[in-house]
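**Student:** Give me a model of this one.
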Amino acid sequence: LAIKPRIPGVPADGGRPNILFILTDDQRFDTMGCAGNRIIRTPNVDALAREGVRFEKAFVTTPICAASRASLLTGTFERTHTYTFTKPPLARAFTDISYPVLLRQAGYRTGFVGKFGVAVEKGVEEEMFDFAKFTNLPHVQTIDGVERHMTEVEGEYAVEFLRGVKADQPFCLAWCPWAPHADDGDPKQYFWPPDVDGLYRDLDIPVPEMAAPAYYEAQPDFLKNTMSRTRWAWRFDTPEKYQTMVKGYYRMISGIDLVLGRIRAELERLGLARNTIILYTSDNGYFLGERGYADKWLMYDLSTNVPLVICDPRAPREERGFVRSELTLNIDLPATLLDFAGIKVPAAIQGRSLRPLLGRTKPAWRREIFCEELWDHPEIPQSECVRTDRWKYIQYPKHPDYVELFDLENDPQEKHNLAGEARYGATLEDLRARCGRWIRDLVEARKKFL
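**Tutor:** Numbers count the residues shown, from 1 in each chain. Presented below is the predicted three-dimensional model:
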């Protein structure tokens with residue numbers, strides 16, 4: 001009998017899959033062609049959506065990169081892991097349950113390329129990754145005497161990892177490009193690879209309705225004078241800057257997409273594609289002038305809603321190419337990765353595996369989510385919210401007299417704060433109480449790690 005050659009990374013028994021986990025930086029949910037954006041060019045992400053499942057209501061529990069990335073590693077809320085900017089390294093109790101540690105302990109070859117963004121204790125990175133190429137800003141750097149865009153360099157590192165795959169050992173590679181994060185220290189802000197330089201030049205980017213000054217003026221003072229407004233002035237305070245900056249932001253996303261295509265081509269060339277699950281998401285959303293803001297941090301959907309596409313090439317054709325509308329969270333992704341690998345999800349992980357949502361059945365699922373941003377920074381208001389499919393309630397711990405209530409079914413852009421209308425009083429108080437229960441439960445969950 002003829003013996004079939006072994007394919008690297010594909011177990012002989014057809015067992016554990018390989019995983020490619022892509023985490024972009026500051027990409028809002030609607031910046032993909034498959035999400036209905038008619039301007040941006042993302043053909044490779046769009047192909048993933050056609051071949052897999054797109055989640056249109058995917059949210060991060062904290063819309064700021066440090067805390068969000070800690071949540072993505074550990075499957076826990078910020079109030080539980082307590083890590084964000086200026087805080088001590090993420091505690092061992094949390095890194096011990098991180099998905100790369102558990103995958104590596106289970107025999108996966110683990111790799112990381114790009115922005116890590118989380119301080120960990122000494123030696124933890126070596127416990128997480130067999131292969132690590134950490135990158136930093138600026139986006140354009142001189143390497144071996146040649147100017148290179150780091151998204152392209154990261155793609156080359158990813159290919160290097162793939163070429164080192166061993167026969168019969170599954171892998172998990174996390175590629176976390178810095179793009180499309182702005183280079184905040186440079187007046188130009190956005191930098192893109194040369195291969196996408198010609199995109200969007202002859203187009204006018206529509207200015208969103210909620211960029212009108214009236215929406216900014218309607219906010220209370222503590223929501224006006226924030227870092228989001230400071231960065232708005234860097235990027236969007238004239239029509240000319242708006243066009244230049246948004247096109248730059250779009251080009252950076254298209255640059256990621258282009259490199260994704262190259263990585264997928266390498267998976268095909270190496271014979272790895274048919275057993276490699278690909279997940280594509282981002283660490284938080286992004287304001288592009290709406291409410292007079294730039295960046296993220298706040299509890300509005302533009303700040304918390306992110307892309308999420310999962311493509312499992314092993315799934316039957318009839319189980320692919322559709323959109324799920326359930327409320328999903330970034331803390332669900334570690335549980336999902338472990339579930340794909342056949343690893344028991346630790347009880348301390350607060351997210352849920354998304355595998356039940358990868359078919360066309362409708363399993364019982366959560367009906368509300370909780371989000372928070374707790375960094376104690378003078379220019380970024382702390383905030384907390386409960387969101388259902390219909391309602392969103394937002395409160396500000398240092399400004400308890402101001403709350404927001406939005407009817408998302410009738411006001412998806414969150415234009416009209418209903419908190420002051422008596423007819424919504426019962427809804428407001430119910431959601432306020434739910435928010436309080438979330439906070440109490442997460443404080444208790446933290447104690448189990450101490």
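
**Student:** Can you name the element that comes right after the helix ranked longest in the chain?
**Tutor:** Across the chain, the longest stretch assigned as helix under DSSP state H is helix 239-269. Proceeding N to C from helix 239-269, the next assigned helix or strand is strand 276-282, under DSSP states H and E.

**Student:** Span of stretch 392-412 from start to end?
**Tutor:** Distance between the two ends of stretch 392-412: 10 Å, counting by C-alpha to C-alpha, to the nearest Å.

**Student:** list the buried ones in that stretch?
**Tutor:** Residues 392-396, 402-406 are the ones in stretch 392-412 that count as buried (16 or more other C-beta atoms under 10 Å). Every residue, glycine included, has its C-beta placed from N, CA and C.

**Student:** could you dump these to TSV with pLDDT and distance to residue 291?
**Tutor:** Formatted as TSV, the buried residues of stretch 392-412 follow (pLDDT from 0 to 100; distance: C-beta to C-beta, whole Å):
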residue	pLDDT	distance to residue 291
392	98	15
393	98	18
394	98	13
395	98	18
396	98	15
402	98	15
403	98	17
404	98	12
405	98	17
406	98	13
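
**Student:** Can you flag which of the residues you listed belong to strands?
**Tutor:** Counting by DSSP state E, the part of those found in strands is 392-395, 403-406.

**Student:** okay, these in CSV with distance to residue 251 next?
**Tutor:** Listed next are these as CSV, based on distance: C-beta to C-beta, whole Å:
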residue, distance to residue 251
392, 32
393, 37
394, 33
395, 37
403, 39
404, 34
405, 38
406, 32
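
**Student:** Now the two most distant members of those residues.
**Tutor:** 395 and 406 (12.9 Å; C-beta to C-beta).

**Student:** Now residue 285: closest residue in space that isn't a chain neighbour?
**Tutor:** residue 28 (4.2 Å; C-beta to C-beta, 6 or more residues apart in numbering).

**Student:** and the nearest residue to residue 342 once chain neighbours are set aside, what pLDDT?
**Tutor:** Once flanking residues are discounted, residue 342 sits nearest to residue 16: 5.9 Å by C-beta to C-beta, 6+ apart. Note on residue 16: pLDDT of 95.

**Student:** Confirm that residue 16 lies within a strand, as I assumed.
**Tutor:** No - Residue 16 is assigned coil when assessed by DSSP: H, G, I helix; E, B strand; the rest coil, not a strand.

**Student:** can you count the residues close to it?
**Tutor:** By other C-beta atoms under 10 Å, 22 other residues sit near residue 16.

**Student:** about what we covered before: would you format the buried residues of stretch 392-412 as JSON lines with distance to residue 428 included?
**Tutor:** Output for the buried residues of stretch 392-412, formatted as JSON lines (distance: C-beta to C-beta, whole Å):
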{"residue": "392", "distance to residue 428": "11"}
{"residue": "393", "distance to residue 428": "7"}
{"residue": "394", "distance to residue 428": "11"}
{"residue": "395", "distance to residue 428": "10"}
{"residue": "396", "distance to residue 428": "15"}
{"residue": "402", "distance to residue 428": "13"}
{"residue": "403", "distance to residue 428": "7"}
{"residue": "404", "distance to residue 428": "10"}
{"residue": "405", "distance to residue 428": "5"}
{"residue": "406", "distance to residue 428": "11"}
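
**Student:** so which of these comes closest to residue 431?
**Tutor:** residue 393 (3.5 Å).

**Student:** ok, that closest one - contacts?
**Tutor:** 385-387, 403-405, 428, 431-432, 434-435 (C-beta atoms under 8 Å, 6 or more residues apart in numbering).

**Student:** closest to residue 334 among those residues?
**Tutor:** residue 387 (21.0 Å).

**Student:** ok, so what distance separates that closest one from residue 310?
**Tutor:** Distance, residue 387 to residue 310, by C-beta to C-beta, to the nearest Å: 21 Å.

**Student:** Could you do residue 323 as well?
**Tutor:** 12 Å.

**Student:** Compare those two and say which one has the larger neighbour count.
**Tutor:** Ranked by neighbour count (other C-beta under 10 Å), residue 323 and residue 310 place residue 310 first, with 26 against 13.

**Student:** Okay, and the beta partners of that one?
**Tutor:** residue 53, residue 279 (DSSP bridges).

**Student:** my guess is it meets residue 358, correct?
**Tutor:** Yes - if you go by C-beta atoms under 8 Å, residue 310 and residue 358 touch, sitting 6.4 Å apart.

**Student:** List the residues that are in contact with both of these two.
**Tutor:** In contact with both residue 310 and residue 358: residue 53, using C-beta under 8 Å, 6+ apart.

**Student:** the helices in this protein, which residues?
**Tutor:** Taking DSSP H as the criterion, the chain carries its helices at 43-51, 65-74, 78-81, 92-95, 99-105, 124-128, 150-163, 213-217, 221-224, 227-235, 239-269, 301-304, 332-340, 425-447.

**Student:** What mean pLDDT does the longest one get?
**Tutor:** Put plainly, it is helix 239-269. 98.

**Student:** by how many degrees do it and helix 150-163 diverge?
**Tutor:** 10 degrees (axes from the mean of the first three to the mean of the last three C-alpha atoms, to 10 degrees).

**Student:** Repeat that for the first one.
**Tutor:** With the same axes, to 10 degrees defining the directions, helix 43-51 sits at 50 degrees from helix 150-163.

**Student:** Which strands or helices does helix 43-51 pack on?
**Tutor:** The contact analysis (3 or more C-beta pairs under 8 Å, 6 or more residues apart in numbering; DSSP states H and E) places helix 43-51 against helix 239-269, strand 276-282, strand 308-311.

**Student:** Need the per-residue pLDDT for the spatially most central residue of the chain.
**Tutor:** Closest residue to the average C-alpha location of the chain: residue 282 at 2.2 Å, with C-alpha atoms, centre = their mean. Confidence at residue 282, expressed as pLDDT, is 98.

**Student:** Repeat that for residue 138.
**Tutor:** At residue 138, pLDDT is 98.

**Student:** Check residue 450 too.
**Tutor:** Value for residue 450, per-residue pLDDT: 80.

**Student:** Can you tell me the closest non-neighbouring residue to it?
**Tutor:** residue 93 (8.0 Å).

**Student:** sorry, back to before: isn't the residue nearest to residue 342 up against residue 339?
**Tutor:** No - if you go by C-beta under 8 Å, residue 16 and residue 339 don't touch, sitting 11.3 Å apart.
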